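Participant: just a sequence and a predicted model for now, questions to come.
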Amino acid sequence: MYQTVARQALLAGGWHTLEKTFPVINPFDGSTVAQIADCGITEAKEALEAAVTAFSSFKNTSGFERSTIMQKWAQLIRANAEEIARAMTLEMGKPMLESRGESAYSATAIEWYAAEAERIAGEIIPSRFAQKRAFSRPEPVGVVYAITPWNFPAAMIARKVAPALAAGCVVILKPAEQSPLTALLLAKLWLEAGAPKDTFQVLPCADPVPVSKVLMSDARVRKITFTGSTEVGKLLYAQAAPTLKRLSLELGGHAPFIVFEDADVSAAALTVSNSKFRNAGQQCVASNRVYVHDDLTSSFEDAFAAQARGFKLGNPLDADTTIGPLVDKATLQKVEAHVQDAVSKGAKIVTGGHATGGLFFEPTILSGVNTTMRILEEETFGPVAPLVRFSSESDAIAWANNTEYGLAAYIWTRDIGRAYRVAESLEYGIVGVNDGVPSAMAPQAPFGGTKNSGVGREGGRWGLEAFLELKYISITLP
């Protein structure tokens, strides 16, 4: 199925085959999965003009009309779930088990926002004057520029594009250069669902700068939604200022996981393992720092190591593979550098610690980690978990908050008072209590961070409101 969209971009009325292409590389074996259309300034300008025209009519459709199309879209995604999952696995290395789950999540999120499209409504506003009537009217923001990351190619599209379309906006999407196939497949199914042309356009490109320059500088693009690094997010923030575009930015993370002395050791080890090693640690909400109480250090370390050793590295297309390759060489090199730096400064490798060929790196646990090591300062984005001992609740909270990031944090405790107290003290947008994947399969929940982890929230009604402007209308009766 993915070969049907190779070498093509979806813009300005339909599919366009471009002479200039770039390869999508399979991180498992280095083979070329497909040649992809490489868009630039010309395509960006054409897409923008088409989007402006499409918005002029799409904004006037009813929420019920949009909901019907979106429901059909979700049905088509479910019907083609295996092919979508396979494309994801081939282009970014995620095991098929995870890819299937992500494909299902994307359909679920689209269905949720399809239902919300029917509920967009304003309010009657009480008037002090007998001859006046007033109400509010939510209206779509306009043309949206969406930029999605490579690590969740389907879920991030669903979480950004679905609420935008539900609101009546039109979307120009630039998918990550490592994983554009999934985006093209989802857009193909959007058209098959009967959607109006140019309401969802996809511009794959090897170099995002020319495309972004066109769309960021034009005042007709009213909204930016981006998931990626904090560095790029800050650049987009600055570029959006001259035209006062609205922004949703989901940026980097450096999530702590605090395991308190009353934890169920085996359950805590499993929970931390799921949080850390899903998608080979290549997720912004992955546990990057594991703080373990002194009383549990030895038993937790053993249980956690047993979990890590239970993962199977291999071809991500194989049913029994649970850890796939890292996405590219730069990611592998950063993981290796973090481990080498920690070991050189006194950390001990409990398990793993080595690259095993290609882009594979073993699930790794480090003990004896301290604040002189890079791994406690930087997001690793790989399957490496550093363990840090603590003795008091106040220390654990202070250390967890001692970062520029504030996306996700986790704790494990059986003390309900501590659960509330610590969750409320952590400076993060998401807190999981005895839950290593609080955002999984929950399109109705808010997702986003504080500090350098971003601006705004995706998911739930908050994700929909991000694509709506509120108009106030006051009428004096004759």
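Facilitator: Thanks, I have it.
Participant: what comes up buried for the helix or strand hosting residue 101?
Facilitator: Secondary structure from DSSP states H and E places residue 101 in helix 96-117. Buried residues in helix 96-117, counted by 16 or more other C-beta atoms under 10 Å: 96-114, 116-117. Using the backbone N, CA and C atoms, a C-beta is placed for each residue, glycine as well.
Participant: try stretch 389-407
Facilitator: For stretch 389-407, burial by neighbour count (16+ other C-beta under 10 Å) applies to 389-390, 393, 396-397, 399-400, 403, 405-407.
Participant: out of these, which are inside strands?
Facilitator: 389-390, 405-406 (DSSP state E).
Participant: what is the nearest of the residues you listed to residue 125?
Facilitator: Residue 125 lies nearest to residue 406 out of these, by C-beta to C-beta, at 35.2 Å.
Participant: give the contact list for that closest one.
Facilitator: 427-429, 449-453 (C-beta atoms under 8 Å, 6 or more residues apart in numbering).
Participant: about what we covered before: in a markdown table, list the ones in strands among the buried residues of stretch 389-407 along with distance to residue 444 and pLDDT.
Facilitator: Output for those, formatted as a markdown table (distance: C-beta to C-beta, whole Å; pLDDT from 0 to 100):
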| residue | distance to residue 444 | pLDDT |
| --- | --- | --- |
| 389 | 38 | 97 |
| 390 | 34 | 97 |
| 405 | 25 | 97 |
| 406 | 22 | 97 |
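Participant: just the closest of these to residue 279, please.
Facilitator: residue 405 (18.4 Å).
Participant: surely the closest one and residue 430 touch.
Facilitator: No: using C-beta atoms under 8 Å, residue 405 makes no contact with residue 430, being 11.7 Å away.
Participant: okay, and the common contacts of those two?
Facilitator: By C-beta under 8 Å, 6+ apart, the residues touching both residue 405 and residue 430 are residue 449.
Participant: not counting its own residues, what contacts stretch 261-277?
Facilitator: Applying C-beta under 8 Å, 6+ apart, the external contacts of stretch 261-277 come out as 255, 257, 259, 285-287, 290, 293-296, 299-300, 303-304, 306-308, 311, 323, 363, 383, 385, 410, 412-415, 418, 432, 434-437.
Participant: endpoints of stretch 255-272, how far apart?
Facilitator: This stretch, stretch 255-272, spans 11 Å end to end (C-alpha to C-alpha, to the nearest Å).
Participant: how about that stretch: buried residues?
Facilitator: Within stretch 255-272, the residues that count as buried by 16+ other C-beta under 10 Å are 255-260, 263, 265, 268-272.
Participant: how far off centre is that stretch?
Facilitator: Relative to its chain's centre, stretch 255-272 lies at 24 Å (C-alpha atoms, centre = their mean, to the nearest Å).
Participant: now stretch 23-30: average pLDDT?
Facilitator: For stretch 23-30, mean pLDDT is 97.
Participant: ok, and for that stretch, which residues are buried?
Facilitator: 24-28.
Participant: about what we covered before: turn the buried residues of stretch 255-272 into CSV, including secondary structure and pLDDT.
Facilitator: Conversion of the buried residues of stretch 255-272 to CSV gives the following (DSSP: H, G, I helix; E, B strand; the rest coil; pLDDT from 0 to 100):
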residue, secondary structure, pLDDT
255, strand, 97
256, strand, 98
257, strand, 98
258, strand, 98
259, strand, 98
260, coil, 98
263, coil, 97
265, helix, 97
268, helix, 98
269, helix, 98
270, helix, 97
271, helix, 97
272, helix, 98
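Participant: which of the residues you listed sit farthest apart?
Facilitator: Every pair of the buried residues of stretch 255-272 checked by C-beta to C-beta; the farthest is 255 and 265, at 20.5 Å.
Participant: which one is residue 359 nearest to, not counting chain neighbours?
Facilitator: In this structure, residue 359 finds its nearest non-sequential neighbour in residue 325, 3.8 Å apart by C-beta to C-beta, 6 or more residues apart in numbering.
Participant: so how far is residue 261 from that neighbour?
Facilitator: 37 Å (C-beta to C-beta, to the nearest Å).
Participant: what helix or strand is the residue nearest to residue 359 on?
Facilitator: Using DSSP H and E, no helix or strand contains residue 325.
Participant: okay, now it: neighbour count?
Facilitator: 27 (other C-beta atoms under 10 Å).
Participant: how near is it to residue 220?
Facilitator: With C-beta to C-beta as the criterion, residue 325 and residue 220 are 41 Å apart.
Participant: so which bits of stretch 33-47 are buried?
Facilitator: 33-34, 36-40, 43-47.
Participant: brain fart, stretch 59-79
Facilitator: Buried, per 16+ other C-beta under 10 Å, within stretch 59-79: 61, 63, 66-74, 76-78.
Participant: just to revisit the earlier point, how about the buried residues of stretch 389-407 in JSON lines, adding distance to residue 375?
Facilitator: Below are these laid out as JSON lines (distance: C-beta to C-beta, whole Å):
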{"residue": "389", "distance to residue 375": "15"}
{"residue": "390", "distance to residue 375": "17"}
{"residue": "393", "distance to residue 375": "23"}
{"residue": "396", "distance to residue 375": "18"}
{"residue": "397", "distance to residue 375": "20"}
{"residue": "399", "distance to residue 375": "14"}
{"residue": "400", "distance to residue 375": "15"}
{"residue": "403", "distance to residue 375": "12"}
{"residue": "405", "distance to residue 375": "14"}
{"residue": "406", "distance to residue 375": "19"}
{"residue": "407", "distance to residue 375": "17"}
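Participant: closest to residue 86 among these?
Facilitator: residue 407 (29.6 Å).
Participant: all good on my end, thank you.
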